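[1] Sharing a model prediction with you, sequence too.
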Amino acid sequence: MAQVMARRGITLTEAVRRVASETGQLSPKLMIMAGFLRVVRSLVLLLARIGLGGILILHGWRRWQEQGMDSQIAYLRTFATPFANYAAWGGTIIELVGGIFLIVGALVPLVAAVVVAEQVLIIAYTSWYKGWNLAEVNGGQATWNGGWEYNVILGLLALLLVVYGSGAVGVDRLFRRRTKDEGEDAQPEPEPRQRLERRTEPRPATPATSTGTGTPSTAPPSTRDRSTGPAPSENTTDTLIRPRG
């Protein structure tokens, strides 16, 4: 079953939804599976947020307190980075503030998108010239190279948070409506075929009335609203009384 799902590009959550749509309800096993998937996904997103946010905070703190902003600006100028002053301060603020936001789960998609853009700019201006490898091994000794593989990993991790958000554990959860994906244990909406079957269900027959000949007949539905009262007579209005002679 897993191989068939992989060939068709169907996730386990999507398979649960399709089964629920076809059957019209979720079985107890499917409900347990759906709940388990939600817990696992939220746990993975929480770990990703804490890991990425912690790394960003450590980087920003080191740039600001240990290395100093002057050294950061001078480092960016060696690569002819435009607006080196703003780039150094902007990157530091993004890492410090953005890391805190990611850990607490606030504005996760937006902050993660900014982190992705930061990693792309770092690769474009400072890391691309150094090659892929983060460290080089020569003669049994590893030397720091500063390649861009590390930035690629951070960017992809941030991209994961852009797509899936903060998960169930986070500040964003408090200000977000319950989505269909989070309400998998609820009854799914009927498929169009099921809606059509409900609409085309036979209606109860109209009770028959006797016509006096012994043959029951069905009274035709009235085409006039009874609330408007009886129809006026043809000779009761617009009648002129002409004098004789």
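    Alright, I've got the coordinates.
[2] quick one: L45 and G167 touch, right?
    Yes: in this structure L45 lies within contact range of G167 using Cβ atoms under 8 Å: 3.4 Å. For the C-beta atoms, the positions are set from N, CA and C on the backbone; glycine is no exception.
[3] count of residues packed around the nearest residue to V104 once chain neighbours are set aside?
    Using Cβ to Cβ, 6 or more residues apart in numbering and skipping residues adjacent in sequence, the residue nearest V104 is V171, 5.4 Å away. Number of residues near V171 (other Cβ atoms under 10 Å) recorded here: 14.
[4] Check Y129 too.
    Neighbour count for Y129, taken as other Cβ under 10 Å: 10.
[5] Do you know the pLDDT at it?
    We have a pLDDT of 85 for Y129.
[6] V137 should be in a helix, yeah?
    No: assigned with DSSP: H, G, I helix; E, B strand; the rest coil, V137 falls outside any helix and is strand.
[7] Next, G170: phi, psi?
    Note on G170: its backbone torsions stand at phi 170, psi 170 [degrees, to the nearest 10].
[8] Who are the contact partners of the residue nearest to it when sequence neighbours are not counted?
    Nearest residue to G170, sequence neighbours excluded (Cβ to Cβ, 6+ apart): G105, at 1.9 Å. Each residue near G105 by Cβ atoms under 8 Å, 6 or more residues apart in numbering is listed here: L46, R49, S166, G167, V169, G170, V171, D172, R173.
[9] what's the closest of these to I123?
    Distance to I123 across the contacts of G105 (Cβ to Cβ) is lowest for R49, with 22.4 Å.
[10] what's around the closest one, how many residues?
    27.
[11] Isn't it up against F101?
    No: the criterion here is Cβ under 8 Å, and R49 misses it with F101 at 9.3 Å.
[12] and stretch 36-46, which residues are buried?
    Within stretch 36-46, the residues scored as buried using 16 or more other Cβ atoms under 10 Å are L37, R38, R41, S42, L45, L46.
[13] Make JSON lines out of the contacts of G105 and add distance to Q141, secondary structure and pLDDT.
    Shown next, in JSON lines, are the contacts of G105 (distance: Cβ to Cβ, whole Å; DSSP: H, G, I helix; E, B strand; the rest coil; pLDDT from 0 to 100):
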{"residue": "L46", "distance to Q141": "38", "secondary structure": "helix", "pLDDT": "96"}
{"residue": "R49", "distance to Q141": "36", "secondary structure": "helix", "pLDDT": "97"}
{"residue": "S166", "distance to Q141": "42", "secondary structure": "coil", "pLDDT": "91"}
{"residue": "G167", "distance to Q141": "42", "secondary structure": "coil", "pLDDT": "89"}
{"residue": "V169", "distance to Q141": "43", "secondary structure": "coil", "pLDDT": "90"}
{"residue": "G170", "distance to Q141": "43", "secondary structure": "coil", "pLDDT": "90"}
{"residue": "V171", "distance to Q141": "46", "secondary structure": "helix", "pLDDT": "92"}
{"residue": "D172", "distance to Q141": "46", "secondary structure": "helix", "pLDDT": "90"}
{"residue": "R173", "distance to Q141": "48", "secondary structure": "helix", "pLDDT": "87"}
